[in-house]
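*Asks:* Got a predicted structure here, sequence first:
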Amino acid sequence: MNDSKTEPEELRSIDLNVDAGEQADSSRMESERDLLSRVSSANIACGYHAGNAQVMRRAVEWCAELGVAVGAHPGLPDPQGFGRRELAVTARELEADTIYQIGALHAFATAAGVPLVHVKPHGALYHMASRRRELAEAIVRAAQAVDPKLAIVGPAGSELLNAASEAGLRVIEEGFVDRAYLADGSLAPRSLDGAVHSSEREAIEQALSIVERGTVKALDGGTAAVRAQTLCLHGDTPGAASFAAALNRSLRERGYLIRSPGTR
């Protein structure tokens, strides 16, 4: 996973998570292993917005080899839009779709001899469930149906984490290092200029600001409060592995232990 395991346990800890298994062909995944070696948790696509059985299996096996916590990354059934388009879905439909996706990844984790640790919705579903209580509850019910010990990852104060907490599930608050925020604490829409940080330096500065001050500079002016136990970086951006290595190093130099908060 990383070489932080030699550092004292009393140090402050932070999780680094990355979306994984989003390729269409397992033969194109070699660069992903290097990326996974720089983080402590992975959110693995479950075949709806991206990925397939071969890709899921390979990603889980690498996580098992590297000591990276395995999480399910269920999305909407929209591979053409990469799961980033909001679709009409009922709570009942979403619950079934999410059980299907989490259950599939849970099986691959079991086959690899590692636990499934958390669930983090993907893309549009992440935002929809953060706003809409009925969808949040559907995801929580799905997670409980597969394994009531699963943690739910999402934004602090969201309907998703509120529903999970009230149902007795563990929650992990998430911040994004390579996405800009608005002053209200929401992620800036990708359609806005500057919504995605292209500078490694800018993203690392935002990560340090989140863990040390709990705030970030807002794209629309001022600052936004961001509370997080895990930091997400996107694996589909150019140079993701080298950026992850630089971020990992910067955090450890500040005295942070890089590890999954959901590890049981």
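*Replies:* Perfect, I can see it now.
*Asks:* contacts, neighbours, all on C-alpha from now
*Replies:* Noted.
*Asks:* Read off the pLDDT value for His191.
*Replies:* In this structure residue 191 is Ser, not His. Note on Ser191: pLDDT of 88.
*Asks:* Just confirm it is within a helix.
*Replies:* No. Looking at Ser191 with DSSP: H, G, I helix; E, B strand; the rest coil, it is coil, so not inside a helix.
*Asks:* distance of it from Ser250?
*Replies:* Here Ser191 is placed at a distance of 30 Å from Ser250 (C-alpha to C-alpha, to the nearest Å).
*Asks:* same check, this time on Gly75
*Replies:* 31 Å.
*Asks:* Tell me which of those two has more neighbours.
*Replies:* Shown here are Gly75 and Ser250; by other C-alpha atoms under 10 Å, Gly75 has more neighbours (27 against 16).
*Asks:* looking at it, that one is touching Gly51, isn't it?
*Replies:* No. If you go by C-alpha atoms under 8 Å, Gly75 and Gly51 don't touch, sitting 10.8 Å apart.
*Asks:* tell me which helix or strand of the chain sits lowest on mean pLDDT?
*Replies:* Ranked by mean pLDDT, DSSP states H and E, the weakest helix or strand in the chain is helix 30-36, scoring a mean of 89.
*Asks:* so how far is Gly255 from the closest residue in space to Asp19 that isn't next to it in sequence?
*Replies:* Leaving aside its chain neighbours, Asp19 sits nearest to Asn43 (4.7 Å; criterion: C-alpha to C-alpha, 6 or more residues apart in numbering). To Gly255, Asn43 is 25 Å away according to C-alpha to C-alpha.
*Asks:* Looking at the two, which is more packed in?
*Replies:* Asn43 (27 against 16).
*Asks:* just checking, that one is part of a strand?
*Replies:* Yes. Looking at Asn43 with three-state DSSP, it is inside a strand.
*Asks:* residues contacting it?
*Replies:* Asn17, Val18, Asp19, Ala20, Val70, Gly71, Ala72, His73, Val119, Lys120 (C-alpha atoms under 8 Å, 6 or more residues apart in numbering).
*Asks:* what packs against the least confident helix or strand of the chain?
*Replies:* Applying 3 or more C-alpha pairs under 8 Å, 6 or more residues apart in numbering; DSSP states H and E, we find helix 30-36 packed against helix 53-66, helix 240-253.
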